[in-house]
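S.K.: Dropping a prediction and its sequence here:
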Amino acid sequence: AVHDVCANCAGPHSTAQCNTADDPHSYRCANCDTAGHAAWDRCCPTLRARVSARAHRKADSGFRFFVTNSPKTWVSEEEELQHAPPPPTVWSQVRHHFDHADSRSQRKSQTTIDAYLKTHEQSATTATQP
């Protein structure tokens, strides 16, 4: 470019010299000439369209692996998703906590000092009684 174009406000200055960098309401996209977002915003419709068009131009962009002569590498991303297991549900992720809840509550705990002294006092008094 002959002159600088700001990535924040699309003004004729460098991005480092922009006075509106702290105010997102003043952003204007230099790519699509639309107010409301900056040129570096990944949600810019023009940027998304250009990235998508570039990906579609690559012959092997839709494949899971680097394509070679082996048919095993010809798996497309869509085909792999069709064979993938369904995503886990919330219940499947927390179920084991509920399945073992009863066994945890019956678990023996460590003896407290009061219980220890009480059992030893009882055994000492029964040992000294005739």
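M.R.: Arrived safely, thanks for sending. Residues are numbered from 1 along each chain as shown.
S.K.: from here on, contacts and neighbour counts on C-alpha atoms
M.R.: Noted.
S.K.: Quickly list the domain ranges of this protein.
M.R.: Here the domain assignment for the chain is 1-41, 94-128, based on automatic domain parsing.
S.K.: Point to the residue nearest the middle of this protein.
M.R.: residue 87 (14.4 Å; Cα atoms, centre = their mean).
S.K.: and the gap between residue 41 and residue 52?
M.R.: Noted for residue 41: a distance of 15 Å to residue 52, by Cα to Cα, to the nearest Å.
S.K.: related to what we said a few turns ago, mind putting the domains of the chain into JSON lines with mean pLDDT and mean neighbour count?
M.R.: Output for the domains of the chain, formatted as JSON lines (pLDDT from 0 to 100; neighbours: other Cα atoms under 10 Å):
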{"stretch": "domain 1-41", "mean pLDDT": "89", "mean neighbour count": "16"}
{"stretch": "domain 94-128", "mean pLDDT": "71", "mean neighbour count": "9"}
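S.K.: Since that was my last question, I'll sign off now.
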